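> Need the 3D shape of this:
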Amino acid sequence: MNEYEEKLEQIVAANRSTGVDSNDPAVLCRTKRTEFDMRIADLDHKLDSRSSLGIRAACGLIALLALEACGSNNTPTSPLGIPPANTAKNMGAPSGSSSPPSASSSSGSGGSSGNGGSSGNGGSSGNGSSSGASTGSSSGTNTGGGSGSPTGPSMGANDAGVMTDGGPGATGDSSVACNPADKKPDPTPVSINMIVGYEMLKTAPTTGPAMPVIETDPGLPNWTVYRPSDLSGMPHPILVWAEGGCLLDGTLFGQWLLEAASWGFVALGDGIPTDPSADPGTNGFADMGGGPQTMAMDWITAENERPCSQYYHKLAVDKIAVSGQSCGGIMSLSAAADKRVTTVIIDNSGLFSPDQTVYSGLHTPIAYFIGGSSDIAYNNSESDYMNINNVPLFNANDPVGHGATWTDVNSGEFGRVNLGWLKWQLMDDMTAAKMFVGPNCDLCTSSTWTVKKKMIP
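Sure, this is the predicted structure:
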């Protein structure tokens, strides 16, 4: 045991001996949050500070230790106070038929991640409509006109790699006027160069048909928004994402969220954009409960009904996923009880102890994508699989460890399977469903993935 591990053990022991109410684990977590931040800095001393995968794995491990320290006397560390579930949805076969609660397990051959070409155009400017044109500048400032037309703006990349468009002027339903008193400050564009590995890119290497943009919105402080540049057309499903380590770093998993946006999803990432060379713990940590994602759902669904919003009547508010990696997965298990949630994805995560309050709050299909037996969350996810029996459940392991493929372009294989699940669950994409449905599903016959499932044929 090295000096840093000894310090962690001392903190864990101290937490377990405190007089903090064990029924309120969030209180204990908050009181020790700065100490765990210091541990991240300690580990950063030993690792390449620019190695996002190494730092993320370290942060994930520290976050898991932090969560474990929040319980005593075998009190479950997962968030409490979740309302009871409604009747679980039974997905059944793609045609809509139901199937009994049964479990199956399979493994096989095939299946791999694929990358497409760049889906965007470079250039120094992007032309919007006559009333809301935008011009990219070398400084990366969005100078959008702000009023726009119902047809939506077009989009380009400026010299700093910032995707620019007509700004929040694309107000949606032109039949309802925007009250000038309801206008709010414009979002601020964010360069794709804030994403690890994308520092030198001018355009996003995403595979979807839409050009994605990144921005921060004053209406949703401490979050980062990834969305298609053109919000016209189909109503856009929503992904509310919690970061690994509960870190407030909105570009930590930018490879994945940008890819999701290119396929039409509006993705909200917990935390503000952080320079890829900075300590991932720079902005601190989120509370580990479901509150942050619930608040983000409140904001985005309200924006869909605000006539001055760029999202006005452009969102599928009945198609919402909550998801997260490592500590963010635990946050998502808490947020999953919200009745607005349509599906849940848990990546490299699981509860430390079985918690029937959390499990009974589940009311939608849920998928677990885990990095195999070397993933520090493997045993947690296995326990969850044994104890979740009230909703359709898909569990798949690819032996790549806790950091998985998140730092690959478009997050590699884990990005591919996460995208497939979202396209099936939120877009009713039956081609994507083939990845998960049937005894010969794509992942079931993969040479790398090992699959088991309940209430999914």
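
> and the gap between residue 350 and residue 402?
As judged by Cβ to Cβ, to the nearest Å, residue 350 and residue 402 stand 12 Å apart. Glycine gets a C-beta too; all of them are placed from N, C-alpha and C.

> and for those two, which residues touch both?
Common contacts of residue 350 and residue 402 (Cβ atoms under 8 Å, 6 or more residues apart in numbering): residue 377.

> which residues of the protein fall in strands?
103-107, 156-157, 163-164, 188-190, 212-216, 223-228, 236-242, 266-270, 315-325, 343-347, 366-370, 393-397, 450-454 (DSSP state E).

> Turn the ones you listed into CSV, including distance to residue 333, mean neighbour count and mean pLDDT.
Below are these laid out as CSV (distance: least, Cβ to Cβ, whole Å; neighbours: other Cβ atoms under 10 Å; pLDDT from 0 to 100):
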stretch, distance to residue 333, mean neighbour count, mean pLDDT
strand 103-107, 20, 14, 39
strand 156-157, 37, 24, 40
strand 163-164, 33, 28, 40
strand 188-190, 28, 20, 98
strand 212-216, 27, 24, 98
strand 223-228, 20, 26, 98
strand 236-242, 10, 29, 98
strand 266-270, 15, 27, 98
strand 315-325, 9, 25, 98
strand 343-347, 7, 27, 98
strand 366-370, 9, 27, 99
strand 393-397, 12, 23, 98
strand 450-454, 16, 21, 98
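
> Tell me who's in contact with residue 227.
Per Cβ under 8 Å, 6+ apart, neighbours of residue 227: 212, 213, 215, 236, 261, 265, 266, 267.

> 6 Å - rerun?
261, 266 (Cβ atoms under 6 Å, 6 or more residues apart in numbering).

> start the count at 146, not 1, going forward
Sure, I'll start counting at 146 from here, so that last one is residue 372.

> Report the beta-bridge partner residues of it.
Beta-bridge partners recorded for residue 372 (DSSP bridges): residue 358.

> Quick check: it vs residue 343, distance?
Counting by Cβ to Cβ - residue 372 and residue 343 are separated by 17 Å.

> possible to save the strands of the chain as a markdown table with distance to residue 477?
Shown next, in a markdown table, are the strands of the chain (distance: least, Cβ to Cβ, whole Å):
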| stretch | distance to residue 477 |
| --- | --- |
| strand 248-252 | 23 |
| strand 301-302 | 32 |
| strand 308-309 | 27 |
| strand 333-335 | 23 |
| strand 357-361 | 21 |
| strand 368-373 | 15 |
| strand 381-387 | 6 |
| strand 411-415 | 10 |
| strand 460-470 | 4 |
| strand 488-492 | 6 |
| strand 511-515 | 9 |
| strand 538-542 | 14 |
| strand 595-599 | 19 |
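
> closest to residue 573 out of the ones you listed?
Proximity to residue 573 (Cβ to Cβ) singles out strand 460-470 among these, at 9.2 Å.

> so what does that closest one touch, helix or strand wise?
Other helices and strands packing on strand 460-470, by 3 or more Cβ pairs under 6 Å, 6 or more residues apart in numbering; DSSP states H and E, are strand 381-387, helix 472-480, strand 488-492.

> can you redo these as a markdown table with distance to residue 556?
A markdown table is the format used below for the helices and strands packed on strand 460-470 (distance: least, Cβ to Cβ, whole Å):
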| stretch | distance to residue 556 |
| --- | --- |
| strand 381-387 | 11 |
| helix 472-480 | 14 |
| strand 488-492 | 10 |
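
> Indicate which one of these is closest to residue 368.
Evaluated over the helices and strands packed on strand 460-470, closeness to residue 368 peaks at strand 381-387, with 9.2 Å, by Cβ to Cβ.

> The closest one to strand 460-470, inter-axis angle?
30 degrees (axes from the mean of the first three to the mean of the last three Cα atoms, to 10 degrees).

> Which other helices and strands does strand 381-387 contact?
Strand 381-387 sits against strand 411-415, helix 436-448, strand 460-470, helix 472-480, with contacts defined as 3+ Cβ pairs under 6 Å, 6+ apart.

> Can you list the neighbours in contact with the third one?
Contact with strand 460-470 is made by 380-387, 389, 438, 446, 449, 476-477, 480-481, 485-490, 492-493, 567, 571, as judged by Cβ under 6 Å, 6+ apart.

> again with the last one
Contact partners of helix 472-480, identified using Cβ under 6 Å, 6+ apart, comprise 208, 224, 387-391, 433-435, 438-439, 467-469, 491-492, 494, 503.

> between it and strand 411-415, how big is the angle?
Using the same axes, to 10 degrees: helix 472-480 against strand 411-415 is 110 degrees.

> and the angle from helix 472-480 to strand 488-492?
Going by the same axes, to 10 degrees, helix 472-480 makes 150 degrees with strand 488-492.

> Mean confidence (pLDDT) on helix 472-480, please.
Mean per-residue pLDDT for helix 472-480: 97.

> angle of it against helix 436-448?
60 degrees.
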